[in-house]
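Q: Whatever this is, show me its structure:
(one chain, ligands or ions: 1)
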Amino acid sequence: MIELSHVTKSYNVGRNNQFTAVDDVSLSIESGQLTVFKGPSGSGKTTLLSLVGCMSRPSSGRIRLHGIRPAFLAAEEGNDGFDISNLPERFLTEIRRTTFGFIFQQFNLVRGISVRENVMLPAYPTTESHAAFQARAEELLRLFDISRHAASRVEWLSGGELQRVAIARALINNPAVIIADEPTAHLDSKLSREFMEIVALFKGQGKTVLIASHDPIVYDSRLADRVVEMRDGRITVSGPEP
Ligand SMILES: Nc1ncnc2c1ncn2[C@@H]1O[C@H](COP(=O)(O)OP(=O)(O)OP(=O)(O)O)[C@@H](O)[C@H]1O
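A: Next up, the predicted model:
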């Protein structure tokens, strides 16, 4: 479970353009479920996901992981879970790479290098050998039917293929949690439905999935265990508690 208690994120603190993007949010996100964050543009969805995914720290409040153990941490988890709100950048980076897989709207693939190299980019070789990562990359390329493009540069791929490369890259470290920000925004409805089939696969593997989306194919999906609605940095509807 991921537990947020009174989480606030403000930008440009102390300046005249100070802005609170996430405002006193408390929420429990159940493991192994799909939680969809829905809301108008600017409502704070991306900011909230970036806080949970250790890409930034909250201005105040606490975020705790329960039962999700970053692989590099030897210490036992206490009853209060593992607090990620105030960790030094070095630890945040390690947790981000070992625990979370990210899928972005623009896919954020690196041009000029191959599909295989893109999938391998986030590989985190302190937890497994390079050979193990290479084997996983080949397996993921096969799973998503992009093996024949492994040596191609990403700029030669179609939109659907790019999406599958981005998904394979998100899985290279076998993360417990997948975070996807508007993953279907640049896809037609057929590819969006295919994306949701892949989400079903994630859930089947017991992964926790968080998606920010405006797309009814995502938030109306039967796969969504919970739809959390946001407006002006606050939760307006938090769906049924699991
Ligand atoms: N680094 C930043 N500095 C200042 N303001 C920011 C920063 N990042 C985000 N914001 C502001 O915070 C608000 C929330 O942004 P956020 O991207 O979280 O919204 P969102 O719900 O994901 O929107 P969208 O659906 O358009 O992606 C926006 O008004 C945005 O302009």
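Q: Let me know the helix or strand that the residue positioned nearest the centre of the chain is in.
A: Nearest to the mean C-alpha position of the chain, by C-alpha atoms, centre = their mean, lies residue 179 at 1.4 Å. Assessed by DSSP states H and E, residue 179 sits inside strand 177-181.
Q: can you check residue 161 too?
A: Assigned by DSSP H and E, residue 161 falls in helix 159-171.
Q: For the helix ranked longest in the chain, name the packing helices and strands.
A: Longest helix in the chain by number of residues (criterion: DSSP state H): helix 189-204. Packing partners of helix 189-204 (3 or more C-beta pairs under 8 Å, 6 or more residues apart in numbering; DSSP states H and E): helix 159-171, strand 208-212, helix 216-219. In this view, the C-beta of every residue, glycine as well, is placed from N, C-alpha and C.
Q: Quick one: closest of those to the ligand.
A: strand 208-212 (5.8 Å; C-beta to the nearest ligand atom).
Q: List the neighbouring strands of that closest one plus their orientation.
A: Using DSSP bridges, the strands paired with strand 208-212 are strand 34-38 (parallel), strand 177-181 (parallel).
Q: interface residues of the chain facing the ligand?
A: 11-12, 19, 21, 39, 41-47, 212 (C-beta under 6 Å from any ligand atom).
Q: Tell me which entries of the residues you listed lie within strands.
A: If you go by DSSP state E, those have 11, 19, 21, 212 in strands.
Q: ok now do the last one, which residues does it touch?
A: Same thing as residue 212. 36-38, 45-46, 48-49, 180-182 (C-beta atoms under 8 Å, 6 or more residues apart in numbering).
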